[in-house]
Each structure stands twice: as structure tokens, then as C-alpha cells.
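K.L.:
with the input below, show me the fold.
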Amino acid sequence: MAAWRTAEGLILVEGTSRPRPTAAWGLLGGEGSFFLLDGELQEIRQRFEPHEGSLEDDLWSYSYRVAQGELRERFVSRRVVYGEPESVEVDKESVKLAGLEPVQRGLAAIEARLRALLEQG
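P.N.:
Here you go, the predicted structure:
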């Protein structure tokens with residue numbers, strides 16, 4: 001588990017990855033889930049969880065990762081038509097949060113609080 005503090009004092013926590021239920025995950029090799037908590041660890045402000053879907057012959061997928069002090073979102077879309085080679089329609093990465101500073105102290109308490117919040121729903 002890892003955590004980062006934003007410039008606004010919020011805490012970004014890396015959670016566990018969800019199972020990869022469909023073929024769309026083959027597009028990315030999924031990343032983890034991330035949860036943005038308020039500075040007092042009282043509520044989850046935002047969730048960044050891998051998700052995917054399909055529409056007719058198109059598969060799409062979103063994933064998230066932290067790199068170089070940024071939470072990055074990756075979107076991939078592919079067209080799959082029986083008897084034809086797959087074609088990548090879109091593969092782009094964007095920054096969702098910047099200026100993240102690693103949290104070194106209190107990781108066990110942050111992890112325990114995230115688990116409690118997730119259990120509450």
C-alpha cells in the first residue's frame with residue numbers, strides 16, 4: 001500500500017486491484033485502484049478504479065497509476081471484428097492529479113481507515 005498527499009492536503013491511497021473480468025483488460029494489463037480521502041480520513045472524496053466495457057465491436061478500458069508525482073489515467077479503445085486484425089483506435093494518458101508527495105508516516109493507520117470506509121460503503 002502507498003499513499004500521497006496533494007497540495008490541497010487530501011490523501012491519495014492506493015487500494016487493491018479488482019479482478020479483470022473481461023477481455024478488455026488484455027488491452028492494458030490493469031493497474032491499481034486509488035481513493036482520494038479528505039485530510040482527516042473521514043470520507044472518500046473520489047474513487048479512481050479500473051473499469052471497462054464494450055459497445056458493438058469496440059472494447060474500451062480505463063486504468064490508473066501514479067508516476068513522477070502524478071495520478072495518471074489511461075484510456076484505450078480497440079476495434080475487434082471477427083476475421084480481421086485488431087486495431088487500436090485510441091490510446092491516451094492524461095493527468096488526473098499532479099504535485100503528489102509520498103506519505104511516509106502513518107501508512108498502517110491510513111490503510112486501516114480506508115478499509116473501514118470501504119466496508120461502510
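K.L.:
how much space is there between the residue nearest to the spatial centre of the chain and residue 106?
P.N.:
For the chain, residue 64 is the residue whose C-alpha lies nearest the centre (C-alpha atoms, centre = their mean; 3.3 Å). Here the criterion is C-beta to C-beta, to the nearest Å. By it, residue 64 lies 23 Å from residue 106. In this view, the C-beta of every residue, glycine as well, is placed from N, C-alpha and C.
K.L.:
how about low-confidence regions in the chain?
P.N.:
Applying pLDDT under 70 to the predicted model, the residue ranges of the chain that meet it are 16-31, 85-88.
K.L.:
ranges for the strands of it?
P.N.:
3-5, 11-14, 34-37, 44-48, 51-55, 58-67, 70-79, 87-97, 101-102 (DSSP state E).
K.L.:
among those, which is nearest residue 121?
P.N.:
Nearest of these to residue 121, taken as C-beta to C-beta: strand 44-48 at 9.9 Å.
K.L.:
list the buried residues in that closest one.
P.N.:
Using 16 or more other C-beta atoms under 10 Å as the burial criterion, the residues of strand 44-48 that qualify are 44, 48.
K.L.:
and that strand, what other elements does it pack with?
P.N.:
In terms of contacts (3 or more C-beta pairs under 8 Å, 6 or more residues apart in numbering; DSSP states H and E), strand 44-48 is packed against strand 34-37, helix 107-120.
K.L.:
redo that, cut-off 10 Å
P.N.:
Packing partners of strand 44-48 (3 or more C-beta pairs under 10 Å, 6 or more residues apart in numbering; DSSP states H and E): strand 11-14, strand 34-37, strand 58-67, strand 70-79, strand 87-97, helix 107-120.
K.L.:
perfect, that will be all.
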